[in-house]
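# Model the following, please.
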Amino acid sequence: MHTYRLLFFVFFISAPLFVRAQSNNPVGGHFGIKFGATFTQVHITGTSVNIPKRALEPHLGLMYRYRLHKWVLQPEALLAIKGGTFQQEQTVGGRTTTKNPYYYASLPILLGYIPTEGLTVQAGPEFSYALSTGAIGGPSAQSDVGLAVGVHYDFLDMLSKCSLHIRYIYGFTNVSPEASALYYNRNLQISLVYNLYKPRKK
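All right, here's what the predicted structure looks like:
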């Protein structure tokens, strides 16, 4: 499974080296289907037996992208796994590892600016609803609010209906199940989007 995830990530990073950005209609909107991988980790402050480590998790969802010349409004609906992997120091035998995935339904609402055709710089809030509260090791807070910052890149030629999203999500909500520590979600998302463009009028 880790091999497939690694190949998936390598594809995302290398694809822009072989394709160029495409022009899109200067005014109008369309839907898109997106999926990808998230490098997820919990930032911990305070006193905790857990040592946070990164994990690679999937995400899937829909987006709507409305462009008005140089500006873009892009709300999305995603199912994503946050959280991460924790390690604990043992008196004998070194460290043990515990996988703690946090399942969320997320709603990012991004405002973007197009500095050059095919590239959009984006930022906006992400509102998330935890689907795994109450589970052992799960997040203690039902909702999580974060700031998403990233870029949108449109492809050309054989991948003309595809786009690449890279963004970082900085969580502001304490989701810790421990009273002595604060947990905050930190995520780097890399997504491939299949754009459902309207057919051009002849």
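
# how close does A55 get to T85?
5 Å (Cβ to Cβ, to the nearest Å). Just so you know, the C-beta spots here come from the backbone N, C-alpha and C atoms, and that holds for glycine as well.

# anything in contact with each of the two?
Among the neighbours of A55, those also in contact with T85 (Cβ atoms under 8 Å, 6 or more residues apart in numbering) are K99.

# remind me, longest strand of the protein?
strand 95-116 (DSSP state E).

# what's the angle from the helix or strand following it to strand 95-116?
Next along the chain after strand 95-116, taking DSSP states H and E as the criterion, comes strand 119-130. Orientation check (axes from the mean of the first three to the mean of the last three Cα atoms, to 10 degrees): strand 119-130 against strand 95-116 gives 140 degrees.

# From the chain's centroid, how far away is strand 119-130?
Centre-to-centre, strand 119-130 and its host chain are 9 Å apart (Cα atoms, centre = their mean, to the nearest Å).

# same question, stretch 191-202
Counting by Cα atoms, centre = their mean, stretch 191-202 comes out at 22 Å from the chain centroid.

# okay, now the closest residue to Y194 other than its chain neighbours: neighbour count?
Closest residue in space to Y194, ignoring its immediate chain neighbours: I33 at 4.8 Å, by Cβ to Cβ, 6 or more residues apart in numbering. Using other Cβ atoms under 10 Å, I33 has 13 neighbouring residues.

# Pull the contacting residues for I33.
Residues near I33 by Cβ under 8 Å, 6+ apart: G61, L62, M63, V193, Y194, L196.

# Can you name the two of these that sit furthest apart?
By the measure Cβ to Cβ, G61 and L196 form the most distant pair in the contacts of I33, at 13.6 Å.

# isn't S128 right up against A105?
Yes. S128 is within contact range of A105, at 7.0 Å (criterion: Cβ atoms under 8 Å).

# more crowded one of those two?
Legend: neighbour count by other Cβ under 10 Å for S128 and A105, higher for S128 (27 against 14).

# sorry, back to before: among the contacts of I33, name the buried ones.
When neighbours are counted using 16 or more other Cβ atoms under 10 Å, the contacts of I33 contain these buried positions: G61, M63, V193.

# With that, I have no additional questions.
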